[in-house]
Structures are given as structure tokens and as C-alpha cells.
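J.: Curious how this folds, go ahead:
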Amino acid sequence: MIVWISFITLIVIFLAIDLGIFNKNPHEITNKEASVWTAIWVSTALLFSLVIFFIFKHGWVDNPDGLTPTKALLKYITGYLIELSLSIDNIFVIAVIFTSFRIPKMYQHRVLFWGIIGAIVFRALMILFGVFLIKKFDWIIYVFGAFLIYTGIKMAFEKDDENYDPRDSFVYKTIRKFIPITPVINSEHFFIKKKHLTVATPLFIALIIIEFTDILFALDSIPAILAITSDPFLVFSSNIMAILGLRSMYFFLANMLERFGYLKYSLVVILSYVGVKMILSHHIEIPEWLSLSVIGLSLGAGVLFSLYQEKKEVLEEQ
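T.: This is a model prediction of the structure:
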């Protein structure tokens, strides 16, 4: 319990420093700043794997699966990389939402900050529920595995909808029925007073839609991590560390997503692999180094092929 409280306290401190010191005043996040913070969050997450090693070495958390410190470390890193990989699709949707509601770049960090707070709460509840199901019903692991394979196949054949508009979504239309909305953005506030009436700004609407889309993405990412381990602390810590770096990664990748169009197929491979791994988990133990290799090779191949196609198209135009 002390480890759980310490970890959650650490996350709260990280978030307080982020918003209270480094991003106290709204400003546009530059590519350089995003790159630095992405490196910081990724490094922090990877260094935390050493903390995982010592936690399991000294038995500071329950270890029902009898994981060795080294195995726990590998499972944490694998889970973290899976969540980070699946966040790429989430980043694209966030970019569409911000563009649709014309959210100024200087206010986007604030929206994502509060979005992360909500994501942590929802992810924690979904992780606890998912772990409970796996512990209670062995057969549910086959359902999760089949769902991941189905999601991967669906993603492979799904065409990008360039005309997608969040304002046509069920969430947006529902919010409008209960809360007056103004199209005006002249501050970082989610609500403003207008003719003695409290109205929601586009920042609040974007925040709510981002929260709902994160829940939908969690339906893929949570089962994917549960395919690696059902240890609650490993699943929660790897998931949350990946989420914390999502904001800086968004600003780092948002302008480059079109360059890496083939990363979509990397995600298809990763989802399909973890789905198969989940289904076979009761019969075959697949080593963590193989999972890490599949994830790394898939992402690397997606990036390299995207750059190759981009260079090929440039040469053809010349």
C-alpha cells in the first residue's frame, strides 16, 4: 500500500510542477520545448523500470504471479512501449479535435493537462476492473485477445476519414442540450460569464470529447497491457507513465503525423501480436524479449517505410 501511495503522490507532484511552474502562463509549445519534454518523460519512464526492479526485489508490493525482479522490469517496459505505441492514434484524433474547435496553440497544453487528470482516473478504474475480470474469469482472456485481433484487422482496412468533425459527434450534441456553448475563445477558461449566464467555451467541449475518445482508446490499450501482465501495479504504472508523456509527445508529433502514415500498420501488427499472445498465454509462455522485439521492429519498420515512401514521392515529383 505504501508503494501505491508513494507512486500516486509522485504523479501528483509531477503534475503540480508541470502546471504550477513550467506551464504556469499559457504559451505556445515550440518544437524544441516539446522535444526536450518528450525526452524527459521517456527517460523518466524508462528509469522508473529500475525502481520496479527494486520494488519486486524487496517484495514491497503483492506479487501473486511470483515475478522475478528482472521479469517484472521487462514486463513494465513492454507494457509502457505498447501504451506509447497505441497513443499515436490518440494523438491524431486530438489534433483533429483541436483543429475542429480552433483551439489556439497557447491553450492546448491546458486542455491536455486536465485531460490527463481525467485519463488517469478512468484508466485506474478500467485497469482494476480488467484485472478483476481476468482473476475471476479465466476465459475472459480469450475475449480480450479476440477483441485486440479484431481491432487490428479493422484498423488495417479502415480508411482515414478526412471529413471527420467532432461537432457531429454524439458527445458534442449531448453537451449542447445541457450547457450553453459560445464559439468565442479569449482566455484559458473553460467557462465564462455572458449576459449573466455561465457558458462553456470550446476549450471545455474539446476537453470532454478528448476524455471520451481516451476512454475508447483505453478499450484497446488496457487489454493489450493485460496481455503482458495482470499484475495491477505493473499495469497501472506503465500505463500512467505513458499517459504523462502524451502531452509533450503530442506537440512533438502533431505536425509530423502525416510523414509517418505507415505507422498505422505498425499498430496493426502490435495489436494482432498481443491478441495472439493473450489467447496463447494459458498454453505457451512467450518470452518478454520477443514481445519487445516485435514492438520495436514494428515501429522501426513503420517509420523507415514512411520515410522511404516520402523520399520516393519527392524524387518522382522532381
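J.: backbone phi and psi for Val199, please?
T.: With angles defined as degrees, to the nearest 10, Val199 shows backbone torsions of phi -120, psi 150.
J.: His282 too?
T.: According to degrees, to the nearest 10, His282 has phi -80, psi -10.
J.: For Tyr142, see how far away it is.
T.: 9 Å (C-beta to C-beta, to the nearest Å). Backbone N, C-alpha and C define where each C-beta goes, glycine included.
J.: Those two: who's more crowded?
T.: Using other C-beta atoms under 10 Å as the criterion, His282 and Tyr142 rank with Tyr142 on top: 15 against 11.
J.: Which of the helices or strands spans the residue nearest the centre of the chain?
T.: Centroid-nearest residue in the chain: Ser87, 3.9 Å away (criterion: C-alpha atoms, centre = their mean). Assigned by DSSP states H and E, Ser87 falls within helix 69-100.
J.: buried sites along the helix or strand following that helix?
T.: Remark: after helix 69-100, the chain's next helix or strand is helix 105-136, criterion DSSP H and E. By 16 or more other C-beta atoms under 10 Å, the buried positions in helix 105-136 come out as 107-112, 114-116, 118-120, 123-124, 126-127, 130-131, 133-134.
J.: Summarise which helices and strands the helix holding Ser87 is packed against.
T.: helix 31-57, helix 105-136, helix 202-226, helix 232-244, helix 246-253, helix 263-280, helix 288-317 (3 or more C-beta pairs under 8 Å, 6 or more residues apart in numbering; DSSP states H and E).
J.: Identify whichever of those helices lies nearest to Met155.
T.: Of all these, it is helix 263-280 that lies closest to Met155, at 5.2 Å by C-beta to C-beta.
J.: and the gap between Ile21 and Leu267?
T.: Distance from Ile21 to Leu267, counting by C-beta to C-beta: 35 Å.
J.: So between those two, which is more surrounded?
T.: Shown here are Ile21 and Leu267; by other C-beta under 10 Å, Leu267 has more neighbours (23 against 8).
J.: Hmm, Ala156 and that one touching each other?
T.: No - applying C-beta atoms under 8 Å as the test, Leu267 and Ala156 come out as separate, 9.3 Å apart.
J.: What's the mean pLDDT across the helix holding Ser87?
T.: For helix 69-100, mean pLDDT is 86.
J.: Stretch 293-310 too?
T.: 87.
J.: Any chance you could list what contacts that stretch?
T.: 78, 81-82, 85, 259-267, 269-270, 273 (C-beta atoms under 8 Å, 6 or more residues apart in numbering).
J.: Now for those residues: which two are most distant?
T.: Longest span within the contacts of stretch 293-310, C-beta to C-beta: Thr78 and Arg259, 26.6 Å.
J.: more neighbours, those two?
T.: Comparing Thr78 with Arg259 by other C-beta under 10 Å, the one with more neighbours is Thr78, at 24 against 14.
J.: Who are the contact partners of the more buried one?
T.: 228, 288, 291-292, 295.
J.: Can you go through the residues you listed and name the buried ones?
T.: 228, 288, 291, 295.
J.: any chance of these in a markdown table, plus distance to Ile2?
T.: Shown next, in a markdown table, are these (distance: C-beta to C-beta, whole Å):
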| residue | distance to Ile2 |
| --- | --- |
| Ile228 | 25 |
| Glu288 | 27 |
| Ser291 | 30 |
| Ile295 | 32 |
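J.: out of those residues, who's nearest Ile103?
T.: Ile295 (31.8 Å).
J.: Next, find the distance separating that closest one from Phe54.
T.: Ile295 is 25 Å from Phe54, by C-beta to C-beta.
J.: for Ile141, same thing?
T.: Applying C-beta to C-beta to Ile141 and Phe54 gives a distance of 29 Å.
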